[in-house]
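In: turn this into a structure:
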Amino acid sequence: MVGIIISILPLESLRNLFVGQIAGLRELASVHPPYSLSTFIFILFKNAVSLIVSFTLSPLLGIVPLISLFANGWLLGYVAVLTTNQKSLLFLLLGILPHGLFEIPAFFIGEAAALNFGTAVIIAVFKHEKRAELSQNIRQNMLRLAVAMALLVPAALIETYITPRLIG
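Out: Take a look at the predicted model:
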């Protein structure tokens, strides 16, 4: 939510940090056309790798999942502002909601698992009596990560094959 709120504010210096990412997304869109199996695989792979990296690096004080949550919130808010200014709220909703019904919960579940896992590892490092609980925590959070990954499949399918038809 912080990322979304900040994206709405007219903070030009923060916007400039993400301009490269926006340009990169536009370039990727030109390379990966809609209705293509390669586009589906690319979207699924990109999102899955993002969650796996976040989960794996989460013991580093939870910084990676927090940065990921902020950056994705900011990007969503920024795209929402641009889209509603240039097109309409309906266009934005058609472009985000169908696949977002799966992708956003997948992202939240995956990042929550990453934060939970990272916190458990940090606590286990400093409290030896908590180390025994770490293997159970890993199993629980791997299950959560698997649920998140499963949700990414319909999200990528919808983003590749349905969203382009809706906003076409």
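In: going forward, measure contacts and count neighbours with C-alpha atoms only.
Out: Noted.
In: helices and strands of this protein: which one has the lowest mean pLDDT?
Out: The weakest-scoring helix or strand in the chain, judged by mean pLDDT, DSSP states H and E, is helix 12-31 (a mean of 66).
In: show me the contacts for K130.
Out: I123, A124 (CA atoms under 8 Å, 6 or more residues apart in numbering).
In: state the distance from it to L61.
Out: 17 Å (CA to CA, to the nearest Å).
In: G110 now?
Out: From G110 to L61 the distance is 16 Å (CA to CA).
In: residues contacting the residue sitting nearest the centre point of the chain?
Out: In the chain, the centroid-proximal residue (CA atoms, centre = their mean) is F107; its distance is 4.8 Å. Listed by CA under 8 Å, 6+ apart, the contact set of F107 reads L51, A148.
In: can you check the one 5 residues further on too?
Out: Counting by CA under 8 Å, 6+ apart, A112 touches no other residue.
In: how about L143?
Out: Applying CA under 8 Å, 6+ apart, no residues qualify as near L143.
In: so which of G110 and L61 has more stuff around it?
Out: G110 (28 against 14; other CA atoms under 10 Å).
In: pull out the buried positions in the top helix by length along the chain.
Out: For the chain, the helix with the greatest residue count under DSSP state H is helix 89-126. Within helix 89-126, the residues that count as buried by 16 or more other CA atoms under 10 Å are 91-96, 98-100, 102-104, 106-107, 109-124.
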